[in-house]
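Colleague: I would like to see how this sequence folds:
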Amino acid sequence: MAAPVRIVEASDTEVAAKLCAFVVETANKAIEERGQFTVGFSGGSLAKFLCNGLPGKETDWSKWKIFFCDERHVTYSDPECTYQIYLTGLVKKVGMDESNIFPINPDISVEEAAEEYLKKVRTVFPGDSIPRFDMLLLGMGPDGHTCSLFPKHPLLQETSKIIAPIKDSPKPPPSRVTMTYPIINNCSCAVFASCGAGKAEMVQRVLEGDEEDPLPAARVQPTEGKVIWFLDKAAAANLKSQ
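Modeller: Okay, here's the model as predicted:
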């Protein structure tokens, strides 16, 4: 299990540019080798980076299969809906068929939505007990959470479900559908992008801390894959080694 790779840029603008170039490079390689690119997206500032930086890049959008590392259990019209952000900000911009992006169903219970979402994942990864995504693009919250996996939450210990519902998220809205570590840590490449001085302390704890109970983002350790952190200088300021 290799140590995380750190890529430090001067500003968030440069982080976004480097991140998007890397995503497209990885996508094109996967398409060339296997005929498709399987990726999980997250919300927050990452969505802004991707929606601003990916349109116009040279890639075969018809070969992309876009899932969500986690998603809020809200209607598609809700501003908290990550799917809607990418649908309008990326999918429609590049002319991608909407069947290539996979939303959760907010019109059923969160437990049913998780089960249905797992079936959608299985359609793209038939026969794989634990699907292996080419890339998962992850965010990290101010408490060190990633996906909808929060510090000290029971889902940190989940080993059987690869897609799980959560109804007691400490960050609103409380109901979400999330990937869990068995599928996260089976990906080929896990990518974080963190910018700003407000992230510096948590970035240092995740990347260099030696905590008895590791933060959720620190638990992202693909067994046979790699972890890459794209940071600006402000977010990397507390790191002892860069």
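
Colleague: Leaving out chain neighbours, which residue sits closest to A114?
Modeller: Nearest-residue entry for A114: P165, 4.1 Å, with adjacent residues in sequence omitted and distances by Cβ to Cβ, 6 or more residues apart in numbering. Bear in mind the C-beta positions are built from the backbone N, C-alpha and C, glycine included.

Colleague: beta partners of the one you found?
Modeller: Bridge pairing for P165 (DSSP bridges) gives the partners V177.

Colleague: hang on, isn't it packed against Y117?
Modeller: No. Taking contacts as Cβ atoms under 8 Å, P165 lies outside contact range of Y117: 9.3 Å.

Colleague: Next, show the common contact partners of these two.
Modeller: Shared contacts of P165 and Y117, defined by Cβ atoms under 8 Å, 6 or more residues apart in numbering, comprise V177.

Colleague: re the thing from before, and the residue nearest to A114, what does it touch?
Modeller: Shown in contact with P165 (Cβ under 8 Å, 6+ apart): H73, V110, E111, A113, A114, S175, R176, V177, T178.

Colleague: What degree of burial does the last one show, as a neighbour count?
Modeller: The reference is to T178. Number of residues near T178 (other Cβ atoms under 10 Å) recorded here: 26.

Colleague: ditto for the second one
Modeller: Counted with other Cβ under 10 Å, the burial measure for V110 works out to 20 neighbours.

Colleague: which ones are touching it?
Modeller: With contact taken as Cβ under 8 Å, 6+ apart, V110 is in contact with H73, P165, I166, K167, S175, R176, V177.

Colleague: Can I get the buried part of those residues as one PyMOL selection?
Modeller: For the buried members of the contacts of V110, the matching PyMOL selection, counting by 16 or more other Cβ atoms under 10 Å, is:
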select buried, resi 73+165+166+175+176+177
